[in-house]
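[1] with the sequence up front, the predicted model follows.
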Amino acid sequence: MISISPLIKIYLHREPVDMRKSYDGLFGIVKNDLAMDVRNGGLFMFINLRRNRVKVMYWDKDGIAIWQKRLERGTLQHPQPSSDAKASLNIKRPDLYFLGVDFVIPLAMEFISLD
């Protein structure tokens, strides 16, 4: 299991992503769609259309790394912010999110405007 500090910013791409994309394709999404750079920190999360796969891209000291998970049962939540502004996802318990746990408490996820 991956251990993530709640202090790390997690940026969720709003649209489903083709999971065949790898380093260059996901880096392009971060650069073009989010107007950000992976090398500046944070986790960049991409979910497929069926919401049973997630890829997380991040800068790991000396290079870009991708972590991937496929759920055998259930789906991941893919919340949408209410505005068109870029937003980061503040997950209070990222460890539970990556296990595919559905949050029952509405405050478990919130969007923070980047503008």
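    Done, it's in.
[2] where does the prediction get shaky in the chain?
    1-4, 6, 78-115 (pLDDT under 70).
[3] where do the helices sit along it?
    Ranges of helices in the chain, per DSSP state H, are 23-32, 94-98.
[4] for the first one, which helices and strands make contact with it?
    Helices and strands touching helix 23-32, by 3 or more Cβ pairs under 8 Å, 6 or more residues apart in numbering; DSSP states H and E, are strand 43-47, strand 53-59, strand 64-70. In this view, the C-beta of every residue, glycine as well, is placed from N, C-alpha and C.
[5] most tightly surrounded among those strands?
    strand 43-47 (a mean of 23; mean count of other Cβ atoms under 10 Å).
[6] what helices or strands is that strand leaning on?
    strand 10-12, helix 23-32, strand 53-59.
[7] quickly list what Ala65 is bridged to.
    Tyr58 (DSSP bridges).
[8] re the thing from before, what's the closest of the helices and strands packed on strand 43-47 to Asn40?
    Proximity of the helices and strands packed on strand 43-47 to Asn40 was assessed by Cβ to Cβ; the nearest stretch is strand 53-59, lying at 7.5 Å.
[9] contact partners of that closest one?
    2, 17, 19, 21, 23, 26-27, 30, 38-48, 64-71, 76, 98 (Cβ atoms under 8 Å, 6 or more residues apart in numbering).
[10] out of the helices and strands packed on helix 23-32, which is closest to Ile8?
    strand 43-47 (6.0 Å).
[11] hang on, the earlier thing: His13 is nearest to which of the helices and strands packed on helix 23-32?
    The closest of these to His13 is strand 43-47. By Cβ to Cβ, the value is 5.0 Å.
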